[in-house]
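Undergrad: Everything below, folded, please.
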Amino acid sequence: MKKFISVILGLLVFTSIAYAAMSYECWRYVNGKPEGYISVTADSREEAETKAYARFKELGSQIDYCKCK
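TA: Below is the predicted model of the structure:
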């Protein structure tokens with residue numbers, strides 16, 4: 001019984017690890033034109049755009065908004 005429970009727990013751990021974040025290509029826009037991009041790893045496009053915007057600001061880049069694919 002203990003072996004069965006440990007196998008189930010192991011499968012749950014590997015299943016949660018398999019749910020990995022995706023890599024997004026995020027472009028920064030200035031005056032409506034794309035000016036450069038970075039890659040960001042996130043669970044959703046919205047999270048990727050938030051991370052990318054913060055990273056562009058951290059790098060000192062001028063940015064109006066960003067879009068990720």
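Undergrad: So, low pLDDT: which residues of the protein?
TA: Across the chain, the ranges flagged by pLDDT under 70 are 4-20.
Undergrad: can you pull out the helices in it?
TA: Ranges of helices within the chain are 2-18, 45-58, based on DSSP state H.
Undergrad: Could you pull out the buried residues of the shortest one?
TA: Buried positions in helix 45-58, judged by neighbour count with 16 or more other Cβ atoms under 10 Å: 47-53, 55-56. Backbone N, C-alpha and C define where each C-beta goes, glycine included.
Undergrad: Let me know the closest of those to G36.
TA: Distance to G36 across the buried residues of helix 45-58 (Cβ to Cβ) is lowest for F56, with 8.2 Å.
Undergrad: The closest one and W27 touch, don't they?
TA: No: with contacts counted by Cβ atoms under 8 Å, F56 stays clear of W27, the gap being 9.8 Å.
Undergrad: Look up how far Y65 lies from the residue nearest the centre of the chain.
TA: Against the mean C-alpha coordinate of the chain, by Cα atoms, centre = their mean, the closest residue is A42 at 1.5 Å. According to Cβ to Cβ, to the nearest Å, A42 and Y65 sit 17 Å apart.
Undergrad: Same check on Y29?
TA: 5 Å.
Undergrad: before we move on, what about P34?
TA: Taking Cβ to Cβ as the measure, P34 falls 11 Å from Y65.
Undergrad: shared neighbours of those two, anything?
TA: R28 (Cβ atoms under 8 Å, 6 or more residues apart in numbering).
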